[in-house]
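A.B. asks: fold the following.
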Amino acid sequence: AHLPYGTKSAEAITRFTLNNVLFLLKQKVKLIIVACNSASSLALSSILRYFSVPIIGVIEPGVKQAVRITETKCIGIIGTPATIRSGEYEKQIKKIDPSIKVISQACPLFVPLVEAGWINQSETFTIAKKYLDSLLVKNKKTDTLILGCTHYPLLKPVFKKILGEKIRLIDSAEQVVRQVAGVLHDQGLARKSSDRGARCRFYVSDDPDGFAYQARSFLGQRLSKVQRINHV
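C.D. replies: Numbers count the residues shown, from 1 in each chain. Just a heads-up that it's a prediction; the model follows:
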């Protein structure tokens, strides 16, 4: 119901994120991933103060990987307007290495395009080229590009077609998974082999059928059940 987060105010994003965490805690979860760059950049620091359950955002893992692999010390970031306005990526990169140059570009049309399933259309390529050309004009030394939105990995083929192989794309998902595994292991929360098989439950604030259809693009499988909740 609140999609997209990236065009909302910081106050609204923080409120939505807090409500999401409160709902998940009622489900007795043992760890929460804030799988949204806008929420991670604007709300994570606030909610971490209030809850003891491990909560992991998507910005720090991607930042660490980008800083580790850049050779030119120039990192590009594409993200939603809210994420780019927050400056959180630049702040975390500079905290690790102040000498790195950070170039940012807001790309507000990418999320609606992905949600509409416009992955391979020529219009999507044209829009992506305009955004990426604008980013690269600001600094031609960019060799690493952080995909600062969890929708953007679905557009990787488009980005690679435009950028070629010289610029490496950073999708923080793999790094987040590694961090989650480490936290679960370190805190003794990992599932034991004797435990019953895992179950997936999906809750949405609106349009379960639309979510189930779109989720196939992200998860590569059909969802058996999506439940709508009255949650604001």
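A.B. asks: strands of this protein, start to end?
C.D. replies: 32-33, 55-56, 74-79, 101-106, 144-148, 168-170, 202-204, 226-228 (DSSP state E).
A.B. asks: show me what the fifth one packs onto, helices and strands only.
C.D. replies: Counting contacts by 3 or more Cβ pairs under 8 Å, 6 or more residues apart in numbering; DSSP states H and E, strand 144-148 packs against helix 59-69, strand 74-79, helix 156-163, strand 168-170. Where C-beta positions appear, they are placed from N, C-alpha and C, glycine not excepted.
A.B. asks: next one: phi and psi at the most centrally placed residue in the chain?
C.D. replies: Central residue check for the chain by Cα atoms, centre = their mean: the C-alpha nearest the mean position is that of residue 150, 3.3 Å away. Reported as degrees, to the nearest 10, the phi and psi values for residue 150 are phi -70, psi -10.
A.B. asks: now do the contacts for it.
C.D. replies: 35, 36, 37, 58, 173 (Cβ atoms under 8 Å, 6 or more residues apart in numbering).
A.B. asks: let me know the pLDDT of the second one.
C.D. replies: So that's residue 36. pLDDT, residue 36: 91.
A.B. asks: buried stuff in the worst-scoring helix or strand of the chain on mean pLDDT?
C.D. replies: Here the helix or strand of the chain ranked lowest by mean pLDDT, DSSP states H and E is helix 208-219, holding a mean of 86. Counting neighbours by 16 or more other Cβ atoms under 10 Å, one finds that the buried residues in helix 208-219 are 208, 211, 212, 214, 215.
A.B. asks: so which two of these are the farthest from each other?
C.D. replies: Spatial extent of the buried residues of helix 208-219 (Cβ to Cβ) is set by the pair 208 and 214 at 11.0 Å.
A.B. asks: residue 163: which of the buried residues of helix 208-219 is nearest?
C.D. replies: Looking across the buried residues of helix 208-219 and measuring by Cβ to Cβ, the closest to residue 163 is residue 214, at 25.6 Å.
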